[in-house]
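K.L.:
next come a sequence and a model predicted from it.
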Amino acid sequence: MEKKIILSGIKPTGIPTLGNYIGALRNWRLMQQDDNYCYYMVADLHALTVRNVPEELRQQTRSMAALLMACGIDPERSPLFIQSHVHQHAELSWLLGCTTYMGELNRMTQFKDKSAKHADNINAGLYTYPVLMAADILIYGAHQVPVGDDQKQHVELARNIAIRFNNAFGETFVVPEPVMPKFGARIMGLQDPEHKMSKTDTNPNGYISLLDDPAVITKKFKKAVTDCEPTIAYAEGRYGCNNLLTIYCACTGKTMDEAVKDFEGCGYGRLKGAVAEAVIAEIEPVQREYRRILDDREYLDGVLKKGAEQAAERAQKTLDLAFSRVGLR
Ligand code: TYM
């Protein structure tokens, strides 16, 4: 049986949050099974859509690669690479841009959100970002793309672009589908539980970083915004409480019914303490592994070089086919 191809990426803008981990990275690890072949990348080109400090980007890109390995990405079975090391992505992106309508890009909610947030830097890259992301996916013939809820719309655009290109020029691209976790496709901020947890939040109490100390994690959960209802339940409009229960389920493997039962008759103090404990148990091993990998410079460089070579081999094949389909060869 032919293996299913999996592809996903993460921007090296800061340290990943618990949201990135539960929404995506944990699934990346779990999808490394015998009937899948996974490509995982640090999306450094995507990071350029907001103003950046070159030295920081360099350092954060490496550190992100080390963290991905610490989260369980095994580079022996899944090529792990830096997006910009595989130049084919940017080339395919041009072709796909000519198959994408501005109307489609105008509808991207992330573009709207980011333009509001960076009103002084609404650059063309921010606008065409989903096209590059489609190239990332289609160039590997990915069947499945593990992402959190906020990236679903981008994967759906990649599907539409693939279908349109195939219809216009003949079968070229695999039509991908997004894969999201049962619990935690959208982890919310701890201080503002009506908005997603983000690694670029200006208030550090709003998110749990994968490298936060256990004591800091406990403190952040203690401060998490909830509501004044007397019982703990998963219910419409109870954003803070729902978020804590969701994180609890994601980290313990319990169902929502079981989780709610665990906290029958308890107050928020108990819930917050238990969530913090479950999160610490999940990410403490990641932190230990991260430090070990980051210290081994030679190993990390070797992994990324080999990953890029493996990725480029596959990417070039798709690029050749796409170029030839549109009449460039
Ligand atoms: P990025 O770096 O913003 O986020 C990486 C992954 O984490 C998920 N995520 C969340 N999941 C649950 N709750 C949250 N609060 C939360 N915040 C983030 C995201 O959905 C994502 O899966 N454009 C992508 C990177 C990318 C990519 C790709 C992904 C570039 N090319 C190709 C898939 C395929 C991004 O900015 O993710």
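P.N.:
Cool, got the structure. Residues are numbered from 1 along each chain as shown.
K.L.:
which residues of the stretch 201-329 of the chain lie near the ligand?
P.N.:
Contact residues (Cβ under 6 Å from any ligand atom) of the stretch 201-329 of the chain with the ligand: there are none. Quick note: C-beta positions are derived from backbone N, CA and C, even for glycine.
K.L.:
now the helices for the stretch 201-329 of the chain?
P.N.:
Per DSSP state H, counting those that start in this stretch, the stretch 201-329 of the chain carries helices over the ranges 214-222, 239-252, 256-262, 268-295, 297-326.
K.L.:
name the residues of the longest one that are buried.
P.N.:
Neighbour-count burial for helix 297-326, counted by 16 or more other Cβ atoms under 10 Å, picks out 300, 303-304, 307-308, 310-312, 314-315, 318-319, 321-322, 325.
K.L.:
domain-wise, how is this structure divided?
P.N.:
Domains of the chain are assigned by automatic domain parsing as 4-184+297-326, 204-290.
K.L.:
list the contacts of the closest residue to residue 1 other than its chain neighbours.
P.N.:
The shortest distance from residue 1 to any non-neighbouring residue, by Cβ to Cβ, 6 or more residues apart in numbering, is to residue 35 (6.8 Å). Taking Cβ atoms under 8 Å, 6 or more residues apart in numbering, we find residue 35 in contact with 1, 3, 4.
K.L.:
most neighbours among those residues, which one?
P.N.:
residue 4 (15 neighbours; other Cβ atoms under 10 Å).
K.L.:
pretty sure it is touching residue 34, no?
P.N.:
No - in this structure residue 4 lies outside contact range of residue 34 using Cβ atoms under 8 Å: 10.6 Å.
K.L.:
re the thing from before, so which of the domains of the chain is the most surrounded?
P.N.:
Across the domains of the chain, averaging neighbours per residue (mean count of other Cβ atoms under 10 Å) puts domain 4-184+297-326 on top, at a mean of 19.
K.L.:
as a whole number, average confidence for stretch 234-246?
P.N.:
Stretch 234-246 shows a mean pLDDT of 97.
K.L.:
go on, stretch 292-300?
P.N.:
93.
K.L.:
and that stretch, end to end?
P.N.:
Its first and final residues considered, stretch 292-300 spans 11 Å by Cα to Cα, to the nearest Å.
K.L.:
now do that stretch: everything it contacts.
P.N.:
Applying Cβ under 8 Å, 6+ apart, the contact partners of stretch 292-300 are 62, 63, 65, 66, 69, 70.
K.L.:
next one: stretch 150-157
P.N.:
Contacts of stretch 150-157 (Cβ under 8 Å, 6+ apart): 24, 100, 104, 108-110, 130, 133-134, 137, 145, 147, 176-178, 180, 186, 196.
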